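K.L.:
Curious how this folds, go ahead:
(2 chains)
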Amino acid sequence: MKNFYANLFAFLLLWVASAGVVFYKPVNLGLDLRGGVSILLQPDLSYALEQEYQRLSKDLYDKLREERVPVLDVLASKEGIKLELLEETNIEQVIQKHFPRLEIKERGKGYVLLALKEQEISALREGIISQTIEVLRKRIDELGVVQPVITKVGQDRVLVELPGLLDLERAKSVIGKTALLELKLVVDAGSKEDLEKKLTPDLELLPSRDNTQWFLVEKTAVITGADLKTAYTSQDEFGRPAVSFELTDETAKKFGEATEKNIGRALAIVLDKKVISAPVIRSRITSTGQITGQFTLDDAKELAIVLRAGALPTKVDFLQESVIGPSLGRDAIEQGIKAGVLGFVLLALLLLFRYKTAGITANLSIILNALMLWAGMVLLGATLTLPGIAGIILNMGIAVDSNVLIFERVKEELRLGNSIRKAIELGYRRTLSAVFDTHITLLVAALILFQFGSGPVKGFATTLTLGTIASFLSNVYFAKFLLELLYKLKAFRI
Amino acid sequence: MRFRYYAYGVSLLLLGLSVLLLFWKGLNLGLDFTGGTLMEVRFEKKVPLGDVRKAMETAGLRAFQVQDTAQGTVIVRLKVDEPRDKALNALKSLGNYQLLRVETIGGIVSKELRNKALWAIITALLGILLYLAYRFEPIWGLGAILALAHDVFIVVGAYSLTQFEVGLDVIASLLIVAGYSVTDTVVVFDRIRENLRLRKGTDFESLINISINQTLSRTLMTSLTTLVVSFALFVLGGPALSNVMFAFVVGVVVGTLSSIFVASALVLDIKRFFLKEVPA
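P.N.:
Alright, predicted model coming up:
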């Protein structure tokens, strides 16, 4: 008897609590329901590795000369640093002492291949991912997107979700630009063939944005994007859109000296290895400068944003991208509600027809179940997607199974001549193991779906998992209690 | 149980048909698995599909498909590496439209998803098998898993027949159908086990018959409840959901039939075949 009132209390409390949560806060809608842009990207690790090896090879070369190790050539690639040696030289000690991050990967006739140690590579990868996420977050904040999602997916990927945004190309150009800005002194300009002949190790050959002109510039940049304090759109002397920047105080001094020394020479403004323009230095420049080129206003705005947010550590590849218009999601929600209502009405009629008053309790638990499921989603901050809606509605049909199981057994026990009380008791007890089974097999299947990562399918897995748990709780605790309640109210018909 | 050979016949026929269909028509794989680009637009003024096709060709696109939907929208699919902006420009030249969605999936991801989907199906089946083996004797587990594989295969055949698109969401739905339909079988098995205890001396075949009959109304009822909601979703849920729910509509029907006619019968025959005896 005591148990009965405790159950009644818990049952009512669960209704109030679930309903409270549901009304208190709306559930998160997935991109497929809200509309927006979603991009899965992968920072190019091999490119970053090559850059890292290039940096290291310079230091290595200097160090080896200092230590008087005869080296013919130092070649950096994404595989590592290849040292061409004159003779069998013992370079292990130098490497171990001065370059502990490197190890000898391969040793052949007249050469040694050095590469970063495994843990160094994964540290580099981690660093690149977190830096990419940080830079993207800054850029996206500047775009003014509400509630963007920028998360690491798997080991080396980043998922960007921008609700409400519909312009995929614009999103891609803001996100995908490495935006490595370098200001480099020009040595010569002309055709590619001519300049190639003059190429030396500390110079590099860069094309203009439209690939028509080529510039021979110094490899070492005077300043880079990292030295910028801020950047904003402005106009050049002809009123065309341009981007102005301000330098930090330390670099302003350095820049001032460099420009003073090189008055009359051209300074190439290089963005992502393309020369945007190469104006001639006319006077000492200190804290501010302007980047001009054939920009549209949108281009200039975008450039200002990416310069402010900083450069990505390496270029990124787009693996997957989508835009969903807002109308598609609205339609889907509307259709989902219609289907849900129809499904519930049919289900309710079916249960009432077959189980009479017991059908009422089954219908009550369907509603409670849906409420609990929804409340669970709100509390966990889970995201509702289109397949997720299907999961919720489907759950109504599946959750009621345990009720059916119990009811059928109760009917059977009644036919065998048991009293109502006894039949309820037996019907509940003898079906318990089957109730366990149904929930566990469903849970196994739903959990396997989580490996598909983010996106719509995860939403399906979420609603099904939560729904199965809710149904398990409500069936184990309340199915018997509700039948007893009917019996007490003298309304038990099955 | 006497009818089990008819049931086997029907099952084998359906399985055979599914195999034939898979070879003959194949599956209409979704973007998740093929990679490429899908765009859906709604033109302000209706544009004939032929014009859309022509505009695409003029724009220099080769590997594409154009299709209209019941909702009055136009869907354009491009193979991996076909330029998306060209296609969008081609559409623009045909008149004003509302862009409903654009999705692009690269070759790497689609290949991964294919593998993942395959693994998901295998691990799900294995997981269920392990669970059944733990709950029952291995032979029972085998009977259930064979019945389950049979259900899944027939559902796949139905997708081949109707050429509904098979994306990741359909695979997800297929897994849930599998998890769901095995429970019907488990309930029957549970009852057989209970009867084995209660009715010692009855021969195994009649035991199975009795158990199936005892659970019949329950099996039909639970299937009906699920069928009702999945049917509602199939009819009213809009194109994306009805695509997914088709697996449930077919799966629940086939699963119910197989748990009544196939699963226990298989256990009986496997026992007879391997053990040369039938436990009473």
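
K.L.:
can we go C-alpha only for contacts and neighbour counts from here?
P.N.:
OK.

K.L.:
any chance you could map the helices in chain A?
P.N.:
A:2-24, A:31-34, A:45-66, A:92-98, A:118-143, A:168-176, A:192-197, A:249-261, A:297-309, A:326-380, A:386-415, A:420-449, A:456-488 (DSSP state H).

K.L.:
pLDDT score assigned to B:Gly201?
P.N.:
Per-residue pLDDT puts B:Gly201 at 81.

K.L.:
residues near it, how many?
P.N.:
11 (other C-alpha atoms under 10 Å in any protein chain shown).

K.L.:
So it, which state does it fall into?
P.N.:
coil (DSSP: H, G, I helix; E, B strand; the rest coil).

K.L.:
how much space between it and A:Thr286?
P.N.:
Separation of B:Gly201 from A:Thr286 (C-alpha to C-alpha, to the nearest Å): 102 Å.

K.L.:
and what of A:Tyr61?
P.N.:
From A:Tyr61 to A:Thr286 the distance is 34 Å (C-alpha to C-alpha).

K.L.:
Touching, A:Asp272 and A:Ala179? I think so.
P.N.:
Yes: here A:Asp272 reaches A:Ala179: they are 5.8 Å apart, a contact under C-alpha atoms under 8 Å.

K.L.:
Look at those two and report which has more neighbours.
P.N.:
A direct count of neighbours by other C-alpha under 10 Å for A:Asp272 and A:Ala179 places A:Ala179 higher, at 26 against 15.

K.L.:
Measure how the top helix by length along chain B sits relative to helix A:326-380, angle-wise.
P.N.:
For chain B, the helix that runs over the most residues, judged by DSSP H, is helix B:204-236. Orientation check (axes from the mean of the first three to the mean of the last three C-alpha atoms, to 10 degrees): helix B:204-236 against helix A:326-380 gives 130 degrees.

K.L.:
For the helix or strand just after helix B:204-236, buried residues please.
P.N.:
Heading C-terminal from helix B:204-236, the first helix or strand you meet, by DSSP states H and E, is helix B:238-257. Neighbour-count burial for helix B:238-257 flags B:238-239, B:241-257 (criterion: 16 or more other C-alpha atoms under 10 Å in any protein chain shown).

K.L.:
Now find how far off-centre the helix or strand following helix B:238-257 is within its chain.
P.N.:
Following helix B:238-257 in sequence order, the next helix or strand is helix B:263-270 (DSSP H and E). In terms of C-alpha atoms, centre = their mean, to the nearest Å, the centre of helix B:263-270 is found 24 Å from the chain centre.

K.L.:
ok, back up a step: kindly reformat the helices of chain A as TSV containing mean neighbour count and mean pLDDT.
P.N.:
Converted to TSV, the helices of chain A look like this (neighbours: other C-alpha atoms under 10 Å in any protein chain shown; pLDDT from 0 to 100):
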stretch	mean neighbour count	mean pLDDT
helix A:2-24	14	89
helix A:31-34	24	88
helix A:45-66	17	85
helix A:92-98	13	82
helix A:118-143	17	90
helix A:168-176	18	87
helix A:192-197	12	86
helix A:249-261	16	88
helix A:297-309	22	86
helix A:326-380	20	92
helix A:386-415	24	90
helix A:420-449	20	86
helix A:456-488	22	87
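
K.L.:
would CSV of the ones you listed with distance to chain B be doable?
P.N.:
Converted to CSV, these look like this (distance: least, C-alpha to the nearest C-alpha, whole Å):
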stretch, distance to chain B
helix A:2-24, 23
helix A:31-34, 9
helix A:45-66, 16
helix A:92-98, 37
helix A:118-143, 18
helix A:168-176, 9
helix A:192-197, 29
helix A:249-261, 41
helix A:297-309, 18
helix A:326-380, 4
helix A:386-415, 4
helix A:420-449, 5
helix A:456-488, 6
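
K.L.:
Tabulate these (TSV), appending distance to A:Leu85.
P.N.:
Formatted as TSV, the helices of chain A follow (distance: least, C-alpha to C-alpha, whole Å):
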stretch	distance to A:Leu85
helix A:2-24	71
helix A:31-34	57
helix A:45-66	11
helix A:92-98	13
helix A:118-143	25
helix A:168-176	40
helix A:192-197	26
helix A:249-261	37
helix A:297-309	42
helix A:326-380	60
helix A:386-415	61
helix A:420-449	54
helix A:456-488	55
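
K.L.:
and B:Leu31, which of those helices is closest to it?
P.N.:
Of all the helices of chain A, it is helix A:456-488 that lies closest to B:Leu31, at 13.7 Å by C-alpha to C-alpha.

K.L.:
Near chain A, which residues of the stretch 151-280 of chain B are found?
P.N.:
Proximity of the stretch 151-280 of chain B to chain A is confined to B:168-169, B:172, B:175-176, B:178-180, B:182-183, B:186-187, B:190, B:217-218, B:221-222, B:225-233, B:235-238, B:241, B:244-245 under the rule C-alpha under 8 Å from any C-alpha of the partner chain.

K.L.:
which of these count as buried?
P.N.:
B:168-169, B:172, B:175-176, B:178-180, B:182-183, B:186-187, B:190, B:218, B:221-222, B:225-233, B:235-238, B:241, B:244-245.

K.L.:
just the helices in the stretch 1-150 of chain B please.
P.N.:
B:4-24, B:31-34, B:49-58, B:84-92, B:107-135, B:138-162 (DSSP state H, counting those that start in this stretch).

K.L.:
Please name whichever of those is nearest to A:Tyr487.
P.N.:
helix B:107-135 (34.5 Å).

K.L.:
quick one: is the closest one near chain A?
P.N.:
Yes: using C-alpha under 8 Å from any C-alpha, helix B:107-135 reaches chain A at B:Gly107, B:Ile108, B:Val109, B:Leu113, B:Lys116, B:Ala120, B:Thr123, B:Ala124, B:Gly127, B:Ile128, B:Tyr131.

K.L.:
what number of residues lie near the fifth one?
P.N.:
For B:Lys116, the tally of surrounding residues (other C-alpha under 10 Å) stands at 16.

K.L.:
again, but for the second one
P.N.:
As a burial measure, the neighbour count of B:Ile108 was computed by other C-alpha under 10 Å and equals 11.

K.L.:
same deal with B:Arg272?
P.N.:
13.

K.L.:
next one: A:Phe238
P.N.:
6.

K.L.:
same thing with B:Val262?
P.N.:
If we define neighbours as other C-alpha under 10 Å, then B:Val262 has 26 of them.

K.L.:
same thing with A:Glu246?
P.N.:
Neighbours around A:Glu246, by other C-alpha under 10 Å: 18.

K.L.:
which residues sit in contact with the closest residue to it other than its chain neighbours?
P.N.:
Nearest non-adjacent residue to A:Glu246, counting by C-alpha to C-alpha, 6 or more residues apart in numbering or on different chains: A:Thr288, 4.4 Å away. Going by C-alpha atoms under 8 Å, 6 or more residues apart in numbering or on different chains, A:Thr288 touches A:Ser244, A:Phe245, A:Glu246, A:Leu247.
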